[in-house]
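**Q** Just the structure for this:
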Amino acid sequence: MLRPYLESNRIEAGCDEVGRGCLCGPVVAAAVILPPDYANEFINDSKKLSKSNRNNLIQEIKTSALAWSIAEASVEEIDSINILNASFLAMSRAIEGLKEKPEHLLIDGNRFKSHLDIPFSCIVKGDSKFASIAAASILAKVYRDDLMEDMAAKYPGYGWEKNAGYPTRAHREGIIKLGLTPIHRKSFRHLPEQMKLDI
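**A** Just a heads-up that it's a prediction; the model follows:
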C-alpha cells in the first residue's frame, strides 16, 4: 500500500506528468488531493498497471479525491520553452485547476519550478511511494493515451494507438514513410541516423 501523505494534518496534492519522452503530442500533468485516510491497494505507478486496471481506477480516483485536475502544455509550448519547462508548466496548470488549494505539493521527480506560491517536495519515484502522486500519474496517463488514440485516427500510420507517441520503431518507420505531422515536436530528434539506412 502506498503512503497516504508525507506529513499529516495538511492538505497535500500529488502531481505527476506523462509524455516527456514522446516525439509528438502535448505533455500532460495531473494533480490530485486525496482524503488523509484514503487507502486503495490497487493504486500504484501508472506504468506498473495494465491498461484495463488504469481505466478501472479512473472513476474511483475522481470520485474519492477531494480535488483533481488535468492540464496540458502544447506542442508549440514544448518547442518554445523546451520539454522540461513545458512539463513544469503543465503541472502548474493542473495544480491551479484544483478546486481546493493545497498547502503542500508532492512532485514526482527530482526538480520542479513554478510561479505558484505553494511549498513543495520533490520525490524521486514518488509515483511508487505516495498514493496521491500515483493517482495523478494514472489520471494523466489515461487522459494522454486516449488523446493519442484519437490522434492515431486522424494521423494513421504511426502506431500511436499502441505507442502513444513514444519513439518506437513503428513510430519512426511511420515518420520515414509519411513525414512529420502538425503534432510532432519540431525541437525533438525524431530519427537516429542509422534508421534511415536500415529501412
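**Q** where does this structure have low pLDDT?
**A** 193-199 (pLDDT under 70).
**Q** And the helices in it?
**A** Under the criterion DSSP state H, the chain contains helices at 51-64, 75-81, 83-96, 131-154, 160-163, 169-178, 193-198.
**Q** As TSV, these with mean neighbour count and distance to Asn110 would be great.
**A** Bear in mind the C-beta positions are built from the backbone N, C-alpha and C, glycine included. Converted to TSV, these look like this (neighbours: other Cβ atoms under 10 Å; distance: least, Cβ to Cβ, whole Å):
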stretch	mean neighbour count	distance to Asn110
helix 51-64	14	25
helix 75-81	17	19
helix 83-96	22	11
helix 131-154	23	13
helix 160-163	19	26
helix 169-178	16	28
helix 193-198	9	31
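**Q** Columns distance to Ile11 on top of these, output as a markdown table?
**A** Below are these laid out as a markdown table (distance: least, Cβ to Cβ, whole Å):
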| stretch | distance to Ile11 |
| --- | --- |
| helix 51-64 | 15 |
| helix 75-81 | 29 |
| helix 83-96 | 12 |
| helix 131-154 | 10 |
| helix 160-163 | 37 |
| helix 169-178 | 40 |
| helix 193-198 | 48 |
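**Q** out of those, nearest to Leu23?
**A** Taking Cβ to Cβ, helix 169-178 is the member of the helices of the chain nearest to Leu23, at 6.5 Å.
**Q** which residues are contacting that closest one?
**A** 23, 157-160, 162-163, 165, 184, 190-192, 195-196, 199 (Cβ atoms under 8 Å, 6 or more residues apart in numbering).
**Q** which of those lies closest to Glu17?
**A** Gly165 (13.9 Å).
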